[in-house]
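[1] Below are the sequence and a predicted model; questions follow.
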Amino acid sequence: MKRLLLLFVLLFSINFYSQPLSMPVLWLKASWDDFSVYGLQKHLLTYKYGNSSVATLDNVNGYKALYFDNEGKKENYFSFRLDSLSNSSSVLILIAYQPFIHAFSQGIPEYGLWTFYGKDTIALTSVRYGKHSKSFLYQYRNYPGAIITSNLLSVDTEKGSLSTLLLGYADSMFFHGKLAEFIVVRDYLNNRQRQIWQSYLALKYGSTLYRSDYTNSKGDTLWRYVDNKEYSEGVGGIGRDDLLGLNQNVSTIAGDIVTVSYYNADNEYQSAKTKFSDGEYILWGHSNGEASLGQTLFPIGETSYYLFDRIWKIHRNNKRNHLIDLQINSAINHKLKIFISRSSDFLSWETKVLNPSLLGEYMAKFEGLNIEDSVLYFTFGYDRATADSLLFANNKGGDNNNSYPTTPINNIFTEVSYLPNPVKDNLYVNYKLTRRATVWFSLHNSTGTTLYRTAPELKSAGSTQKIIPMGQLIDCTYVLYIHVDNMILSRVIIKQNF
């Protein structure tokens, strides 16, 4: 029998005025063990759970999560009695979750998340993200990983109160996806404290806040958006924050190909301990360029290299140097190199070129890297000879032909591979164009619903790679459509978690 979820419900009774941060009255986190609920003041809380046969264990960014696979057909939710909220004038609700990918195609990633019952009923079931200066924005649209939302509720205590919480059920809709963490904070709230909790959840689960600063539990800014605009499309971090209970040794930003971990740490699952001291963080973000080889040569030392179009900026928020490991998922990795520089231009005299210390199938790992400066940049690439032989072969004169005859797609979209298939996380589509063409990809499930699509790009003749993120999908058979100008090619892709 599979072990079910352990939900730690931490009920805090503290003096809010003596603490820099208002702590939760309800805090749900997942762990491995038998299913039960714990609280310091158990009389304040009761719970019930629906049909557990449709709930399975999963993970988000190496942390345990509960996956609801009920598709709305069976009752499966949590109910809590929260007498501690009966006289609250305001409540902050934060949740880290990853909806089933089908919800995105319907435009409703907030699908049956929660309901508060009292004299008035408040439910969150639809897309709600703010447009005003004091509102928080979220990465909803086609975002491949966990979603972090926060909702500040004002309660008219004369007309009603909040006393019962239904988690995973709202307006006759049952949540379908992964539930990672749920936090309820009452009273004494402001935007600063709200930002602290959002930052904590976003960094923990590899999500990215929309054009936002990231702060620690003391309110200190770890990553300032205005200083990192070009690298804020994907932001992640590792570190330690004792007040928040964060001990994070490894992280992968949703939709990215790089995993950053503490040196020699398990780079797949989180552990209970870390060698970081309290308050130490390492954050990074990427430029959102293509995670594949560019066309520009960079002379470094006596050798010329082709570098990736995606650049990562890494920022150390601690006085001590910590060694880290970087792992990149790449279909061609045996001669891949990492480039670490003090500037994003990767100038010859300030750029280190290192070889991977560990190679695996579709993986290259660079171990024991020293973040000597508070800010560094890194990317990946190949020397010119390797790139010419592996990736850019037969790419001569392709862009000079402006007269394109009508040609079947197989004569234009050539030398294609789909690796790996079956796929666990990322699908790597390697191909060569025999001429310039507009290319885009779309992924569909068995019912024909579009689950993922890329923007059309005018690509030059030659070899390149496209990465399709599929780690968030359930095990199933999918169809990938390749669109080249006005032509379409399809390929069956199998998702299997191995």
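    It's in.

[2] give me the number of residues near I196?
    By the other Cβ atoms under 10 Å criterion, the neighbourhood of I196 contains 22 residues. To be clear about C-beta, it is placed using only N, CA and C from the backbone, and glycine gets the same treatment.

[3] Quick check: it touching N216?
    Yes - between I196 and N216 there is a contact under Cβ atoms under 8 Å: 7.2 Å.

[4] Run a quick neighbour tally on Y478.
    Residues contacting Y478 under the criterion other Cβ under 10 Å number 20.

[5] Any idea what it is bridged to?
    Applying DSSP bridges to Y478 yields these beta-bridge partners: I493.

[6] contacting residues for it?
    Listed by Cβ atoms under 8 Å, 6 or more residues apart in numbering, the contact set of Y478 reads L443, H444, N445, S446, L451, M470, V492, I493, I494, K495.

[7] Minimum pLDDT in the residues you listed, which residue is that?
    Within the contacts of Y478, pLDDT reaches its minimum at S446, with 66.

[8] Buried ones in stretch 423-440, by neighbour count?
    Using 16 or more other Cβ atoms under 10 Å as the burial criterion, the residues of stretch 423-440 that qualify are 423, 425-437, 439.

[9] Out of those, name the ones that lie in strands.
    Filtering those for membership in strands, criterion DSSP state E, returns N426, L427, Y428, V429, N430, Y431, K432, L433, A437, V439.

[10] quick one: the fifth one and I467 touch, right?
    No - under the criterion of Cβ under 8 Å, N430 is not in contact with I467, lying 10.2 Å apart.

[11] For my notes, confirm V226 occurs in a helix.
    Yes - V226: assigned to a helix according to DSSP: H, G, I helix; E, B strand; the rest coil.

[12] distance of it from L66?
    When Cβ to Cβ, to the nearest Å is the yardstick, V226 and L66 sit 37 Å from each other.

[13] repeat for Q465
    Distance of Q465 to L66, given as Cβ to Cβ: 35 Å.

[14] which of those two has more neighbours?
    The neighbour count for Q465 versus L66, taken as other Cβ under 10 Å, is higher for L66 (24 against 18).

[15] which helices and strands does whichever helix or strand that one is part of pack with?
    With secondary structure defined by DSSP states H and E, L66 is part of strand 63-68. Using 3 or more Cβ pairs under 8 Å, 6 or more residues apart in numbering; DSSP states H and E as the contact criterion, the secondary-structure elements in contact with strand 63-68 are strand 26-32, strand 55-60, strand 177-186.

[16] counting contacts, what elements does the longest one pack onto?
    On a contact count with 3+ Cβ pairs under 8 Å, 6+ apart, strand 177-186 meets strand 26-32, strand 55-60, strand 63-68, strand 90-99, strand 162-167, helix 191-204.

[17] Go through these and find the least confident stretch.
    Considering the helices and strands packed on strand 177-186 one by one, the lowest average pLDDT is found for strand 26-32, at a mean of 70.

[18] and after the strand holding L66, which helix or strand comes next?
    Past strand 63-68, further along toward the C-terminus, the next helix or strand under DSSP H and E is strand 78-81.

[19] Tell me the secondary structure at I338.
    strand.

[20] i'd like the first residue to be 6 from this point on
    Sure thing, new numbering starts at 6, so read that last one as I343.

[21] ok, back up a step: return the list of strands paired to the strand holding L71, each annotated with direction.
    Assessed with DSSP bridges, strand 68-73 is paired to strand 60-65 (antiparallel), strand 182-191 (antiparallel).

[22] right, and the ones you listed - which one's nearest G294?
    Minimum separation from G294 across those (Cβ to Cβ) falls at strand 60-65, 25.5 Å.
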